[in-house]
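Q: fold the following.
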Amino acid sequence: MKETLRQLYAFSVPSLLLLCAASLAVNARVLLSAYWIRRPLSPTLHISLSLAAADGFASAVLAAGLTVNSLLARWQHDQCVLLLLEALRLAGVIITVAHLLALAANHYLGILRPLHYLTIMTHRNTAACIAALWLLPTFFFFAYFSFVPDQGFQSPECHYTFLRQYKFRAVFSSLFFGPLLLMLLIYSHIFVIVQRHQASRLRFSRMKYVQEWNCPQKKRSRQMARNVKAVYTTLLILGSYLVALMPAVLIFVLYCDDCLYPLPTRTNERINMFFIFTTVNFLVILKTLINPIIYAARMHEIKAATKRMNATVRGVCCQRAAGRREAESEAGGGAGSSSEATQLRQLSGSAGPSSFRMRSLRSPSRNGSLRASARRTSGLRHEQIGVAL
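A: All right, here's what the predicted structure looks like:
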């Protein structure tokens, strides 16, 4: 049984690591495309790009945990390193949830106060919000792991028995389900506001004085349409998080030493839990891989920036290939021209300077015509250079 379990880990962990690498590559591509996005960036785009970075961070930490806990399990590791990876892994989950809550609040503000939105969500406020989304969850878990008596980072050997108890897992689940409940309330109110706005637009469209609709109302309507599209994109991302993270959080809460379902100790039970944990990890990694595809398909700025980035990369590759071909052709042409120059020197040496002098003295008219043609050629060359410049 133990050998079977070891073979299952040897097969599944490399597959999950390859999926993590693909997720990192796709999220990195989305982040690199930000260089080609036209400035200034909207607050929604800022938070979405930070969410892509959070997905990449979660994939990297999960890959590190799989490598240390599964592939390198036969070697002894410092438990403080394992505790550090667990703190970063759990912080990565809450960071992504916090980003989704920030996007929900951002959309709510944009729909509720569209004319005052840009005065509230300035670049400085957006940057401060993103910094808080990253720092607060990380600080919370490191603080929690440091204040458990005789465990965590207070213990010299970094004992982490508290991670297998219901108290800690209930705290973690509240950090997940609390923002989820707030997002449900926010999007429900957004749905009500959008329904009211569509009803008012329909009422105005049936009136004869649609063209007399004042400018602030038109601007509000356009802003509302953009915010509604962004809300739909965020709801797709939220749906992927629910499908991927909800099973993981439920299993994390239900299975522990003093939970409803104790952690398995026998080998056959551990094999069953292996398939459950592998499926959960697969869903979490798949979520980080799908979200950048949603960005590229739904967000116009990222779609256009990705096209410009691809065109730039193709242009650079074509220039390098043309440069190599030109260098090779110059190398081949230089050898041919040197041999031709050697042959001309040999011919001029055999003819001698006296014969050339006699031919020039015998045909003065020819020399004059040659000089005139040389002047015309020089003038034409100067004209061509002037046009090229």
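Q: pull the number of nearby residues for residue 272.
A: 11 (other C-beta atoms under 10 Å). For glycine as for every other residue, the C-beta is placed from the backbone atoms N, C-alpha and C.
Q: got a list of what it touches?
A: Listed by C-beta atoms under 8 Å, 6 or more residues apart in numbering, the contact partners of residue 272 are residue 264.
Q: all strands of this structure, in order?
A: Taking DSSP state E, the chain contains no strands at all.
Q: low-confidence ranges in it?
A: 1, 73-77, 197-230, 267, 332-389 (pLDDT under 70).
Q: can you show me the helices along it?
A: Using DSSP state H, the helices assigned to the chain run over residues 2-32, 43-66, 79-112, 117-120, 123-146, 166-205, 215-254, 267-298, 300-351, 353-362, 364-388.
Q: which of the ones you listed sits most buried?
A: Counting by mean count of other C-beta atoms under 10 Å, helix 43-66 has the highest mean neighbour count of the helices of the chain, with a mean of 22.
Q: which strands or helices does that one pack on?
A: helix 2-32, helix 79-112, helix 123-146, helix 267-298, helix 300-351 (3 or more C-beta pairs under 8 Å, 6 or more residues apart in numbering; DSSP states H and E).
Q: just want the angle from the first one to helix 43-66.
A: Between the axes of helix 2-32 and helix 43-66, defined by axes from the mean of the first three to the mean of the last three C-alpha atoms, to 10 degrees, the angle is 150 degrees.
Q: helices and strands around helix 2-32, which ones?
A: helix 43-66, helix 267-298, helix 300-351.
Q: once you drop chain neighbours, what's closest to residue 133?
A: Nearest residue to residue 133 in three dimensions, chain neighbours excluded: residue 98, at 4.7 Å (C-beta to C-beta, 6 or more residues apart in numbering).
Q: next up, the contacts around the one you found.
A: Residue 98 touches 133, 136-137, 179, counting by C-beta under 8 Å, 6+ apart.
Q: ok, 10 Å please
A: 51, 54, 91, 129, 132-134, 136-137, 175, 179 (C-beta atoms under 10 Å, 6 or more residues apart in numbering).
Q: can I get those in CSV including distance to residue 164?
A: Listed next are those as CSV, based on distance: C-beta to C-beta, whole Å:
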residue, distance to residue 164
51, 30
54, 26
91, 19
129, 34
132, 30
133, 28
134, 27
136, 25
137, 21
175, 18
179, 25
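Q: ok, so of those, who is nearest residue 154?
A: Set against residue 154, the nearest of those by C-beta to C-beta is residue 91 (18.8 Å).
Q: for that closest one, give its distance to residue 251.
A: 19 Å (C-beta to C-beta, to the nearest Å).
Q: how about residue 130?
A: Taking C-beta to C-beta, one finds residue 130 at 30 Å from residue 251.
Q: repeat for residue 174
A: 16 Å.
Q: one more: residue 158?
A: For residue 158 relative to residue 251 (C-beta to C-beta), the value is 24 Å.
Q: shouldn't residue 84 be in contact with residue 158?
A: Yes: under the criterion of C-beta atoms under 10 Å, residue 84 makes contact with residue 158 at 8.5 Å.
Q: returning to what we had before: can I get the helices of the chain in CSV with distance to residue 72?
A: Listed next are these as CSV, based on distance: least, C-beta to C-beta, whole Å:
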stretch, distance to residue 72
helix 2-32, 10
helix 43-66, 10
helix 79-112, 11
helix 117-120, 49
helix 123-146, 22
helix 166-205, 25
helix 215-254, 23
helix 267-298, 17
helix 300-351, 36
helix 353-362, 83
helix 364-388, 63
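Q: to residue 260, which of those lies closest?
A: helix 215-254 (5.3 Å).
Q: now do the contacts for the spatially closest residue to residue 57 that is not a sequence neighbour.
A: Closest residue in space to residue 57, ignoring its immediate chain neighbours: residue 92 at 5.5 Å, by C-beta to C-beta, 6+ apart. Applying C-beta under 10 Å, 6+ apart to residue 92 gives the contacts 54-62, 137-138, 141, 284, 288.
Q: what about 8 Å?
A: 54, 57-58, 61-62.
Q: ok, so of these, who is nearest residue 5?
A: Closest to residue 5, out of all of the contacts of residue 92 and judged by C-beta to C-beta, is residue 62, at 20.4 Å.
Q: please look at the closest one and residue 287 and confirm they touch.
A: No: using C-beta atoms under 8 Å, residue 62 is not in contact with residue 287; the gap is 11.0 Å.
Q: ok, residue 280 touching residue 246?
A: No: using C-beta under 8 Å, residue 280 is not in contact with residue 246; the gap is 10.1 Å.
Q: so how far is stretch 6-13 from its chain's centroid?
A: Chain-centre distance of stretch 6-13: 29 Å, with C-alpha atoms, centre = their mean, to the nearest Å.
Q: re the thing from before, any chance of a markdown table for the helices and strands packed on helix 2-32, columns distance to residue 114?
A: Formatted as a markdown table, those follow (distance: least, C-beta to C-beta, whole Å):
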| stretch | distance to residue 114 |
| --- | --- |
| helix 43-66 | 13 |
| helix 267-298 | 20 |
| helix 300-351 | 19 |
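Q: between these, which gets nearest to residue 4?
A: helix 267-298 (6.9 Å).
Q: next, the angle from that closest one to helix 2-32.
A: Using the same axes, to 10 degrees: helix 267-298 against helix 2-32 is 10 degrees.
Q: relative to helix 79-112, how tilted is helix 267-298?
A: 40 degrees.
Q: quick one on the thing from earlier: ok, the contacts of residue 92 vs residue 148, which is closest?
A: For the contacts of residue 92, the nearest to residue 148 is residue 61 (21.0 Å; C-beta to C-beta).
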